[in-house]
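**Student:** No sequence on hand, only this structure:
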């Protein structure tokens, strides 16, 4: 799983999230709101957390949650933590290789005719760094 910091960087660079079953996220509430749940990782599931379209956008509705009082949050109050397969898919035609080296993984991509490599011990993080580079270039 990618770090929260990388997930925030991807969001800030312009990556758009359309919540789907199985997506993971964390809360990103204003500083004045203190919730223990902000560090928890939640999963979109029609049984517990459902993405609902409203006139003002998408809300994540917490169905039957009794641990803390939260009915729903807007998409802007959540940080999507894309899975490895989602990150790879979003790289689309730029993705070239995933290579295991002694203590890390290297994701190779080709962007604007140039070969780039992104290395990290966690393959998801390597994919995420490659995607951040791609998304940042398209702004």
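**Tutor:** Noted; the coordinates are in hand. In this text, all values refer to a predicted model and were calculated from it rather than measured experimentally.

**Student:** How is this structure partitioned into domains?
**Tutor:** 18-80, 84-137 (automatic domain parsing).

**Student:** could those be laid out in a markdown table, adding distance to residue 7 and mean pLDDT?
**Tutor:** In this view, the C-beta of every residue, glycine as well, is placed from N, C-alpha and C. Below are the domains of the chain laid out as a markdown table (distance: least, Cβ to Cβ, whole Å; pLDDT from 0 to 100):
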| stretch | distance to residue 7 | mean pLDDT |
| --- | --- | --- |
| domain 18-80 | 5 | 78 |
| domain 84-137 | 8 | 97 |
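
**Student:** Could you say which of the ones you listed is packed most deeply?
**Tutor:** Of all these, domain 84-137 carries the top mean neighbour count, a mean of 16, counting by mean count of other Cβ atoms under 10 Å.

**Student:** For the longest helix that the chain contains, give me every contacting residue.
**Tutor:** Counting by DSSP state H, the longest helix found in the chain is helix 123-137. Here helix 123-137 makes contact (Cβ atoms under 8 Å, 6 or more residues apart in numbering) with 1-3, 6-7, 9-10, 13-15, 82-84, 87-88, 90-91, 94-95, 98, 104-107, 109, 111-112, 116, 118-120.

**Student:** if you set the cut-off to 6 Å instead, what comes out?
**Tutor:** 1-2, 6, 9-10, 13-15, 84, 87-88, 90-91, 94, 105, 107, 109, 118, 120 (Cβ atoms under 6 Å, 6 or more residues apart in numbering).
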